[in-house]
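Enquirer: I'd like to go over a predicted model; first the sequence, then the structure.
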Amino acid sequence: MVRKLSSLRRNLHCSMATVILWPFIFLSLFRAGHGHSKCPDICTCDVLQNRKIVTCDQGGMTQIPTTDMDSDVQVLIVTAPLNNPNNLTIGRIFLNFHFLEEIHITHSNVPAIGDSSFWPGNNLRVLNLRHNNISQLHGTDFNGLTHLQVLDLSDNLISASPSAPFHFLSNLSTLSLARNSLRRLVPRFFYMLENLEHLDLSGNPLRNVDPENLKDLRPIKTLSLANCQIERLHSLIYQQLPNLVELDLRDNFFNYFAPEEFRHLKKLRMLYLDGNNLNVIVDMAFSGQVFDYLGLSRNEIVSFDVCAFCNSSIKTLNISNNQFSALMIDTLKPIIFTLQTLDIGFNRISMENIMEVLKPLHHLRGISLGGLELSALPLDIFVSNRDLRYLDLSRNNFVSFNFEVLRPVSKLEILDLSGNWFKGMKKEELSHLARFHYLKRVVLHSNPWTCERCHILPLIQWMTDAASKAKVCKNDHGCIHCKRPGSLVGRDISTLHSREIPPCGGPFSQFRILTAGSRLGIIVATAVFIIFLLVGVIYVVLYRRQRAVYYTHEEERCDDNIVYNGVLEADLNGGFSEEKHPHPGFVATIDTRGGKPKPHNNVT
Ligand SMILES: *[C@@H]1O[C@H](CO)[C@@H](O)[C@H](O)[C@H]1NC(C)=O
Ligand SMILES: *[C@@H]1O[C@H](CO)[C@@H](O)[C@H](O)[C@H]1NC(C)=O
Ligand SMILES: *[C@@H]1O[C@H](CO)[C@@H](O)[C@H](O)[C@H]1NC(C)=O
Ligand SMILES: *[C@@H]1O[C@H](CO)[C@@H](O)[C@H](O)[C@H]1NC(C)=O
Ligand SMILES: *[C@@H]1O[C@H](CO)[C@@H](O)[C@H](O)[C@H]1NC(C)=O
C-alpha cells in the first residue's frame, strides 16, 4: 500500500508505531515500482494484482484531485458515504491518463457527463456512473471509448437523449440504464452497439416499447424490462431479438400472453414473468420452448389451461404466490420428464393435491412447499421422489417434524425448515439427520426457539459437533437465536453455557426470577420454597406407604429412565411428565402449549 508521503511524515512525529512501519512502507513503494508515487490527501492508493488503484471514498469532494495522482493509475474509484455526498462535475480531467482501465464515480451528484469527458480513454474497459444526477445524455459523452465493455448508468435521472448516444461504444457488451426516468426510447437509441449482449432497462416508466427502437439489438442475450409498467409487447420486438437467452419481464402489468407468444425467441432459456397480473395461462402458451427457468410466481393465476405446457420443456417452474386451489396433474404431464425443480408455495392447495402432483414427478430434484400451512406430512408423501436434493418446507406451521417421511429421499442435500413454530427439537428427531449422508444444509432460523432446557438442550448438544453446526450456521443469520425466555432473547444458542439455560418454566426458574426481583420477591420465594419442602415431605411419606404396592413397576421405570442422569434427564423430557412420574406432587412443571405467536408474516 502506497500512502501519501506527506501525511506519513506527519504521522511519524506522532507515534513510535509509525516508525516501526517504515520498512514496510518502503517495501510497498518498491513493489509499486515508483518511488515517487503521488496520492491525493483524501484518497488511498493501492497496488492490487499489479494494478494501481486510487480510492477516494470519504465524501465531501467537489472535484476529483487528478493533479495529485500518478498518470499511470489503472483503476479510479470515487464514491461517498450517504451522509457526506460529493458534488462533482467531470470535464476533461483524464487527458494524461492513458492507462485507465476502470473508472467508478458513484454517489457523487454528477449532473452530466460532458463532452469527451473520458478522452482519451483508449484503455478504458469499465465505466461506472451509478447513483448520480445525470439527467440527459449527449452525442459526444463517450467520445473515444471504443474499447469500453461495461457501462453502468443505473440509478440516475436520465429522461432524455438524442438518437445514437452510444455510437462510439462499438465494443460495449453490458449496458445498464436501470432505474432512470426514461418514458420512451428515441429512434435508433441503441445504434452502433454491435457487440451488446446484456441490456438492463428495468425500473424505467417505459409503458410502451416501440419495436422500431429495439431493432439495433440483434446480438443481445439478456434483456431486463422488469418494473417498466408494460402491458404488452409487440410481436415484432421478439422477432428482432433472435439471440435472446434471458428475458426478464417481472413486475409489469401483463395480464395475458397469447399462445406461442415467445415462438420467435428460439434460444430463450430463462423467462421471468413473475409479479404481473396474469390469471390464466392459455393452451400452447409455451409451445416449442425449452426453458431452464420459467417464473410465473406472484401473479393471480387461478388455473392453467390443460394444454398450457404442451410441447414445451421446463427444468424449473415457479408458480408460487398465486391463487391456485388445485393443480391438475394433466397440465403437468407434458413436462413430467424434464421438470427438476418446482415451487408451488403460497397457494391454497390441499395436502391431497400436493400428493397427487408429487406422485408422477420421478425426476424432481427440488420442491418448494413453503407457505402452505402444513403442520404434518403423510409418511408416503415423497415415495416417488427419490432424487430429491432440495426440500423447502419454510413458513409452514410445523411444531415438530417426523423425519421418517424423508426416508425415501436419501440424497437430500438441503432441508429448509425456517419460519415454522419449532420451540426446540427432540433428540430422536435430530438423530435421524445422521442418516442423510449428502446433507449440506439445514435451515432453521426464524423459529420461536425457546432456550429452556427441555426444548433446546438436544439441539445444543447436536450442534456441538462441528459438522452439524456447519450445516445450520452458514452465516450468522442462519444460526439459531433464542426467541425466549426474555433474558436470553437474541442469543446464539451455540454460545450458551449449560448453567445459563433455565429449566422449562419449573419451580426453580420461578424461584430464580423472584430472587432477582425485589425483597418482597425474596419473601414470596422463601414461602414457595417452604411449601415445596412441605409437599416434598408429604410426598415422601405417601411414597413410603405405597412403595410395597408398586415395587415391581418402580424397577421397570428406573430402567427406562437411565438415559441421562438427574435433573438433566427430567428436563429433556419436558419437565417431569405425567407419564413417567405418575405422582401429582410433581406435575407442576409441564410446559404450556398456549397460543403461539406467529413468527413471521407471509409474503404478499
Ligand atoms: C453538495 O450540494 C448539496 C446541495 O446542493 C449541499 O447541501 C452540500 O453541502 C454540497 N456538498 C459539498 C461537499 O459541497
Ligand atoms: C441530485 O438529485 C437528488 C435527488 O433527486 C437531489 O436531492 C439532489 O439535490 C441533487 N443534487 C444536486 C447537486 O443537484
Ligand atoms: C472487445 O471486447 C472483447 C471482450 O468482450 C475483447 O476480447 C476484444 O479485444 C475487444 N475489442 C476491442 C477492439 O477492444
Ligand atoms: C412443437 O415445437 C416445435 C418446435 O420445437 C415445433 O416445430 C412443432 O410444430 C411444435 N408442435 C406442435 C404440435 O405445436
Ligand atoms: C419463486 O419465486 C419466488 C417469488 O418470486 C421466490 O421467492 C422463490 O425463491 C422462487 N423459487 C425458486 C425455486 O426459484
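Expert: Structure received. Residues are numbered from 1 along each chain as shown. Ligands and ions are numbered 1, 2, ... in the order given.

Enquirer: What's the separation between residue 109 and ligand 3?
Expert: 31 Å (CB to the nearest ligand atom, to the nearest Å). C-beta coordinates here come from the backbone N, C-alpha and C atoms, glycine included.

Enquirer: Per-residue confidence at that residue, what does it come out as?
Expert: Note on residue 109: pLDDT of 95.

Enquirer: ditto for residue 448
Expert: Confidence score, pLDDT, at residue 448: 94.

Enquirer: Repeat that for residue 326.
Expert: 91.

Enquirer: Ok, residue 578 next?
Expert: So residue 578 comes in at 32 (pLDDT).

Enquirer: got it, and residue 507?
Expert: pLDDT, residue 507: 44.

Enquirer: Residue 29 too?
Expert: 43.

Enquirer: what's the answer for the one 4 residues further on, then?
Expert: Confidence at residue 33, expressed as pLDDT, is 42.

Enquirer: correct me, but residue 278 touches residue 252?
Expert: No. With contact defined as CB atoms under 8 Å, residue 278 does not reach residue 252; the gap is 10.5 Å.

Enquirer: more crowded one of those two?
Expert: Counted by other CB atoms under 10 Å, residue 278 and residue 252 do not tie: residue 252 has more neighbours, with 24 against 21.

Enquirer: how near is that one to residue 80?
Expert: Residue 252 sits 33 Å away from residue 80, taking CB to CB, to the nearest Å as the criterion.

Enquirer: what do you get for residue 327?
Expert: From residue 327 to residue 80 the distance is 51 Å (CB to CB).

Enquirer: ok, now which ones touch residue 388?
Expert: Shown in contact with residue 388 (CB atoms under 8 Å, 6 or more residues apart in numbering): 364, 365, 366, 367, 382, 409, 411, 412.

Enquirer: Equivalent analysis for residue 386, please.
Expert: Residue 386 neighbours (CB under 8 Å, 6+ apart): 362, 408, 409, 410, 411.

Enquirer: again, only this time at 7 Å
Expert: Residues near residue 386 by CB atoms under 7 Å, 6 or more residues apart in numbering: 408, 409.

Enquirer: Just the closest residue of the protein to ligand 4, please.
Expert: residue 288 (3.2 Å; CB to the nearest ligand atom).

Enquirer: what about that residue, which SS state?
Expert: Following DSSP: H, G, I helix; E, B strand; the rest coil, residue 288 is assigned to coil.

Enquirer: Touching, it and residue 264? I think so.
Expert: No. With contact defined as CB atoms under 7 Å, residue 288 does not reach residue 264; the gap is 10.2 Å.

Enquirer: Quickly note the distance from residue 465 to residue 486.
Expert: The value you get for residue 465 to residue 486, if CB to CB is used, is 29 Å.

Enquirer: The two: which is more packed in?
Expert: residue 465 (11 against 8).

Enquirer: Could you measure from that one over to residue 106?
Expert: Distance from residue 465 to residue 106, by CB to CB: 45 Å.

Enquirer: again with residue 150
Expert: 14 Å.

Enquirer: between those two, which one's more packed in?
Expert: Between residue 150 and residue 106, residue 106 has the larger neighbour count (other CB under 10 Å), namely 19 against 16.

Enquirer: my guess is residue 331 meets residue 306, correct?
Expert: Yes. Using CB under 7 Å, residue 331 is in contact with residue 306, at 5.7 Å.

Enquirer: more crowded one of these two?
Expert: For residue 331 versus residue 306, neighbours defined as other CB under 10 Å are more numerous around residue 331 (18 against 13).

Enquirer: Residues touching the strand or helix carrying the more buried one, excluding its own?
Expert: In this structure, residue 331 sits in helix 329-332 according to DSSP states H and E. By CB under 7 Å, 6+ apart, the residues outside helix 329-332 that reach it are 304, 306, 308, 309, 356, 357, 360.

Enquirer: repeat that with 6 Å
Expert: 304, 306, 308, 356 (CB atoms under 6 Å, 6 or more residues apart in numbering).

Enquirer: Strand partners (parallel or antiparallel) of whichever helix or strand comes after it?
Expert: Downstream of helix 329-332, the next assigned helix or strand under DSSP H and E is strand 341-343. Its sheet considered, strand 341-343 pairs with strand 313-318 (parallel), strand 366-368 (parallel) by DSSP bridges.

Enquirer: circling back to that earlier point, counting neighbours, which of the contacts of residue 388 end up buried?
Expert: Among the contacts of residue 388, those scoring as buried are 364, 365, 366, 367, 382, 409, 412 (criterion: 16 or more other CB atoms under 10 Å).

Enquirer: Which pLDDT value does the model give residue 453?
Expert: In this model, residue 453 carries a pLDDT of 88.

Enquirer: so it sits right up against residue 502, yeah?
Expert: No. Counting by CB atoms under 6 Å, residue 453 does not reach residue 502; the two are 7.1 Å apart.

Enquirer: Neighbour count for these two, which is higher?
Expert: Taking other CB under 10 Å, residue 453 and residue 502 do not tie; residue 453 has more neighbours (24 against 19).

Enquirer: Quick check: phi and psi at the more buried one.
Expert: phi -50, psi -50 (degrees, to the nearest 10).

Enquirer: Repeat that for the one 4 residues further on.
Expert: Reported as degrees, to the nearest 10, the phi and psi values for residue 457 are phi -60, psi -40.

Enquirer: And the one 5 residues further on, by the same measure?
Expert: Here the main-chain torsion angles of residue 462 (degrees, to the nearest 10) amount to phi -60, psi -40.
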